[in-house]
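K.L.:
everything below, folded, please.
(2 chains)
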Amino acid sequence: DGGITQSPKYLFRKEGQNVTLSCEQNLNHDAMYWYRQDPGQGLRLIYYSQIVNDFQKGDIAEGYSVSREKKESFPLTVTSAQKNPTAFYLCASSGTRRGYNEQFFGPGTRLTVL
Amino acid sequence: AQSVTQLGSHVSVSEGALVLLRCNYSSSVPPYLFWYVQYPNQGLQLLLKYTSAATLVKGINGFEAEFKKSETSFHLTKPSAHMSDAAEYFCAVSGGYSTLTFGKGTMLLVSP
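P.N.:
Model (predicted):
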């Protein structure tokens, strides 16, 4: 089955540690996205990539980093510079042709900083 | 630039009643509009999308939405609510190529 996988489902981190969230898709989509979700704030875009080896900052990129070395993979690193990293993180992918950019979402990773 | 406003962070209905979730958008180009649903601790699932074809769009699980350009609205409706419809609903807008801009979401509560 085609889809998006995120791992792990739950992640616990101590303050001051970097942590990497995995996102893989087998939908052959060119574009991939990372969002952060907090209660009552909807989805906020962290980073996105429309092609391999290229990515752009979203609205809340500070304290995060990404890479896009393969079309299928778009890992997100939450660095120690992120002041309040506890949140639900969602990865998505989409096509890039006009009118075909609805995004398909993974199941999410819940990150808790202890 | 695009933006989305979802009126009401929470909407409560009784089982069998009409569901109406409101979405107003702002867009500098002809918009593409989407409704997504999210169940607790899960990702978002696409309910329906408007891409400039028919203004009345039918989606999954009996939901539909009507694009009204004069009102810059894309409200989501369902004639009869089921308990299984209880979830959070997100409206989103794009210019067709670019990223999606999401509203803050509306939590639908369904009582027996």
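
K.L.:
and residue 49, what is it in contact with?
P.N.:
Picked chain A for this. Residues near A:Ser49 by CB atoms under 8 Å, 6 or more residues apart in numbering or on different chains: A:Ala31, A:Met32, A:Tyr33, A:Phe55, A:Gln56, A:Val66, A:Arg68, A:Phe74. C-beta coordinates here come from the backbone N, C-alpha and C atoms, glycine included.

K.L.:
oops, chain B please
P.N.:
Contacts of B:Lys49 (CB under 8 Å, 6+ apart): A:Glu102, B:Tyr32, B:Leu33, B:Phe34, B:Trp35, B:Val57.

K.L.:
so how far is whichever strand or helix holds it off the chain centroid?
P.N.:
Using DSSP states H and E, the element containing B:Lys49 is strand B:44-50. Its chain's C-alpha centre and that of strand B:44-50 lie 8 Å apart, by CA atoms, centre = their mean, to the nearest Å.

K.L.:
and the next helix or strand past that strand?
P.N.:
strand B:56-58.

K.L.:
neighbouring strands - and their directions - for that following strand?
P.N.:
Strand B:56-58 sits in its sheet next to strand B:64-68 (antiparallel), going by DSSP bridges.

K.L.:
which helix or strand lies directly C-terminal to the partner strand?
P.N.:
Next helix or strand after strand B:64-68 toward the C-terminus (DSSP H and E): strand B:73-78.

K.L.:
show me what that following strand is packed against.
P.N.:
Using 3 or more CB pairs under 8 Å, 6 or more residues apart in numbering or on different chains; DSSP states H and E, the elements in contact with strand B:73-78 are strand B:19-27, strand B:32-38, strand B:44-50, strand B:64-68, strand B:87-94.

K.L.:
the lowest-mean-pLDDT helix or strand in chain A near chain B at all?
P.N.:
Taking mean pLDDT, DSSP states H and E as the measure, chain A has strand A:10-13 as its least confident helix or strand, at a mean of 93. No: applying CB under 8 Å from any CB of the partner chain, one finds strand A:10-13 separated from chain B by no less than 9.5 Å.

K.L.:
distance from that strand to the middle of the chain?
P.N.:
What separates the centre of strand A:10-13 from the centre of its chain is 15 Å, taken as CA atoms, centre = their mean.

K.L.:
report the buried residues of whichever helix or strand comes after it.
P.N.:
Sequence order places strand A:19-25 as the next helix or strand after strand A:10-13, per DSSP H and E. Buried residues in strand A:19-25, defined by neighbour count with 16 or more other CB atoms under 10 Å in any protein chain shown: A:Val19, A:Leu21, A:Cys23, A:Glu24, A:Gln25.
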